[in-house]
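A.B. asks: With the input below, show me the fold.
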Amino acid sequence: MRADAARNLGLLLTTGARMLAEDPATSIAAIAAEAGVDRRTVYRRFTSREELLAAVYQARLDAIEAVIEAAQLWEAPVPVALHRYVQGIVRVNRTWPTEVSRMRSDPEIWARRLRAVEEVDRFLKRARDEGFLRVGLPARWPGSVLGSLLQLSTKDLSVLNDVQAADVIVDTFLRAFGKEDAGRS
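C.D. replies: The predicted structure is shown next:
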């Protein structure tokens, strides 16, 4: 793909993500106009609104998977990995604000989403096993709450930059689920 075509595709997908998050009925023509891309170009690449939507979700999942890898959930110390992960997902949520759960009907997208959730749950289990989180919590509860806090990053914490939002989210999460002596700063 040519550099300008890749740039246009990226702009189209991020614009589509933002507009579809605001109004799920947004048309391809409106997204193309907002992205500054010719509508015919969009229709050559995506034959339907659903295809465009699937590409937006695939791009969001690509970004999530990249954050999980960059956070080094298994190599880095738990507090460092947690902050890297949260900061990265804040950025993803702000760039790709559409929620992947809308794509339950697409088995490939849904399976990728579940793998990402399972990876984070395993990391949170590691955090618990290493003494950073309290024991005795329901298995999925810390991950569900962390996900909810991350969703707030696009709304309630929108006045903060990614690092500041991550600081607030990690602090809130560790105050709720961390052990007293878990080394919070």
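A.B. asks: hey, where'd the helices end up in the chain?
C.D. replies: Taking DSSP state H to define them, one finds helices in the chain at 3-22, 28-35, 39-45, 49-71, 78-95, 107-129, 141-152, 162-177.
A.B. asks: and residue 135, which of those is closest to it?
C.D. replies: Proximity to residue 135 (CB to CB) singles out helix 107-129 among the helices of the chain, at 6.1 Å. Heads up, the C-betas are built off the backbone N, CA and C, glycines and all.
A.B. asks: With only the CA atoms kept, save the closest one in CSV.
C.D. replies: The C-alpha trace of helix 107-129 is given here as CSV (Å, rounded to 0.1, in the frame of the first residue of the first chain):
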residue,chain,number,x,y,z
PRO,A,107,-16.5,-14.8,15.6
GLU,A,108,-13.0,-13.7,14.6
ILE,A,109,-13.3,-10.3,16.2
TRP,A,110,-15.0,-11.6,19.3
ALA,A,111,-12.4,-14.4,19.7
ARG,A,112,-9.5,-11.8,19.5
ARG,A,113,-11.3,-9.6,22.1
LEU,A,114,-11.7,-12.5,24.5
ARG,A,115,-8.0,-13.5,24.1
ALA,A,116,-7.0,-9.9,25.0
VAL,A,117,-9.3,-10.0,28.1
GLU,A,118,-7.9,-13.4,29.1
GLU,A,119,-4.4,-12.1,28.8
VAL,A,120,-5.1,-9.2,31.1
ASP,A,121,-6.9,-11.5,33.5
ARG,A,122,-3.8,-13.7,33.7
PHE,A,123,-1.7,-10.6,34.3
LEU,A,124,-4.0,-9.5,37.2
LYS,A,125,-3.7,-13.1,38.6
ARG,A,126,0.0,-12.6,38.5
ALA,A,127,-0.4,-9.3,40.3
ARG,A,128,-2.4,-11.0,43.0
ASP,A,129,0.0,-13.9,43.2
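A.B. asks: Tell me which of the helices of the chain sits most buried.
C.D. replies: helix 78-95 (a mean of 21; mean count of other CB atoms under 10 Å).
A.B. asks: pull the CA atoms of that helix into CSV?
C.D. replies: C-alpha atoms of helix 78-95 as CSV (Å, rounded to 0.1, in the frame of the first residue of the first chain):
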residue,chain,number,x,y,z
VAL,A,78,3.8,-5.6,38.0
PRO,A,79,3.4,-1.8,38.8
VAL,A,80,5.4,-0.9,35.7
ALA,A,81,3.5,-3.3,33.4
LEU,A,82,0.1,-2.2,34.9
HIS,A,83,0.9,1.5,34.2
ARG,A,84,2.2,0.8,30.7
TYR,A,85,-0.9,-1.2,29.9
VAL,A,86,-3.3,1.4,31.3
GLN,A,87,-1.6,4.3,29.6
GLY,A,88,-1.6,2.4,26.3
ILE,A,89,-5.3,1.5,26.6
VAL,A,90,-6.2,5.1,27.5
ARG,A,91,-4.6,6.0,24.2
VAL,A,92,-6.4,3.2,22.3
ASN,A,93,-9.7,4.3,23.9
ARG,A,94,-9.2,7.8,22.8
THR,A,95,-8.1,6.9,19.3
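A.B. asks: Much appreciated, bye for now.
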